[in-house]
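Student: got a sequence here, can you build the structure:
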Amino acid sequence: MSGPIALLFTEQWRFAFILFAILAFAVLLWNTFSIPKTATTSKTSTQSLFKWSALTKAKHLIIASIIIGLGTAIYWTFSRSFLIAEHQMTTNESILFWITMGAFGVVGGIGGMFIEKLGLAFIYRLTLLALSLAIAILTLPSTIAIYSSAIGFGITYILITGILIVWSTRLFSVAAVGVSLAFLSLGIGQSIGSAVAGELIVQSSYTMSFLLFALITFTGLLVPIRRSLAS
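Tutor: Numbers count the residues shown, from 1 in each chain. Okay, here's the model as predicted:
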């Protein structure tokens, strides 16, 4: 929804911020009345989050999350500026690219059925391979390649985050511990990745930087999921 709203409020961007604030407040009210009153956060999940035993148990999950956050950061932060600077897209065309990515991200939300049918390790590697390719093909000077990249990245990024959630819940009986560690690690990777990507683009080029970050994402295939679950 953010793409069409950005187009609608291009000159009055403050209204877009106000609209999203209203939507956030509406969701807050919705959750307040929808979440059962008995659903309380376990003290165990909070206390054990940073225990050495939890970090050791989740070490492969943490490594994978950091790699994914690091490798995809350049896409989130610089894909639109890349299209405008290198592919001569207009601002509105780059917003359409962003809308396409977001719309197809919804498709990634149905990935749970594939995890059950194909297995966590297999679908993780298949998704990560597709995610790496989506980042790389954005460098191709072709409209088809650009929008294929948007579609592929939208689907696979949402799918890979779902995979991280499933992985984390299989590691810990208290789901909040694993999910928190996974997304904290993902955020750390993205923070580092954005800073590194910006400097790398300045020192080299957009194309070289995107290809390098696609390769970084690809290295996530080396993380041993089956051994992680077995331990």
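
Student: just want the most central residue of this structure.
Tutor: The centroid of the chain falls nearest to Y157 when counting by C-alpha atoms, centre = their mean (4.7 Å).

Student: next, count neighbours for the residue nearest to I188 when sequence neighbours are not counted.
Tutor: Distances taken as C-beta to C-beta, 6 or more residues apart in numbering place I66 nearest to I188, at 6.0 Å, with adjacent residues excluded. For glycine as for every other residue, the C-beta is placed from the backbone atoms N, C-alpha and C. A count of nearby residues for I66, using other C-beta atoms under 10 Å, gives 21.

Student: who's in contact with I66?
Tutor: By C-beta atoms under 8 Å, 6 or more residues apart in numbering, the contact set of I66 is S185, L186, I188, G189.

Student: try it again with 10 Å
Tutor: A182, L184, S185, L186, G187, I188, G189, Q190, I192, G193, G220 (C-beta atoms under 10 Å, 6 or more residues apart in numbering).

Student: one more: F97?
Tutor: F97 makes contact with 3, 79-80, 83-84, 87, 89, 138, 143, 146-147, 149-150 under the criterion C-beta under 10 Å, 6+ apart.

Student: if we use 8 Å, what do you get?
Tutor: S79, R80, L83, M89, I146, Y147, A150.

Student: closest one of those to M113?
Tutor: Using C-beta to C-beta, A150 comes nearest to M113 of these, at 23.5 Å.

Student: low-confidence ranges in the protein?
Tutor: With pLDDT under 70 as the threshold, the chain has low-confidence stretches at 38-50, 227-228, 230-231.

Student: and the helices in it, which stretches?
Tutor: Along the chain, counting by DSSP state H, helices occupy 2-8, 13-34, 43-48, 52-57, 59-86, 91-105, 112-118, 120-137, 143-171, 175-203, 206-218, 225-230.

Student: could you check the angle the fifth one makes with helix 91-105?
Tutor: It stands for helix 59-86. Counting by axes from the mean of the first three to the mean of the last three C-alpha atoms, to 10 degrees, helix 59-86 lies at 150 degrees to helix 91-105.

Student: list the buried residues in helix 59-86.
Tutor: The neighbour-count check on helix 59-86 (16 or more other C-beta atoms under 10 Å) flags 60-80, 82-83 as buried.

Student: measure the nearest residue to L128 once chain neighbours are set aside to W167 for me?
Tutor: The spatial neighbour of L128 that comes closest, neighbours along the chain excluded (C-beta to C-beta, 6+ apart), is G220 at 5.0 Å. Using C-beta to C-beta, to the nearest Å, G220 is found at 12 Å from W167.

Student: identify the contacts common to those two.
Tutor: Joint contacts of G220 and W167 (C-beta under 8 Å, 6+ apart) are A64.

Student: now for the closest residue to G162 other than its chain neighbours: which residues touch it?
Tutor: Computed as C-beta to C-beta, 6+ apart, the closest residue to G162 that is not its neighbour in sequence is G111, at 5.1 Å. Residues in contact with G111 (C-beta under 8 Å, 6+ apart) are I123, T127, I158, L159, G162, I163.

Student: what does G102 give?
Tutor: M1, S2, G3, G154.

Student: in stretch 138-158, what counts as buried?
Tutor: Neighbour counts over stretch 138-158 (16+ other C-beta under 10 Å) mark 138-139, 146-158 as buried.

Student: quick one: contacts of that stretch?
Tutor: Contacts for stretch 138-158 (C-beta under 8 Å, 6+ apart): 72, 75, 79, 82-83, 87, 97-98, 100-109, 111, 127-128, 130-131, 133-135, 137, 206-207, 210-211.

Student: distance from that stretch to the middle of the chain?
Tutor: The chain centre lies 15 Å from the centre of stretch 138-158; the measure is C-alpha atoms, centre = their mean, to the nearest Å.
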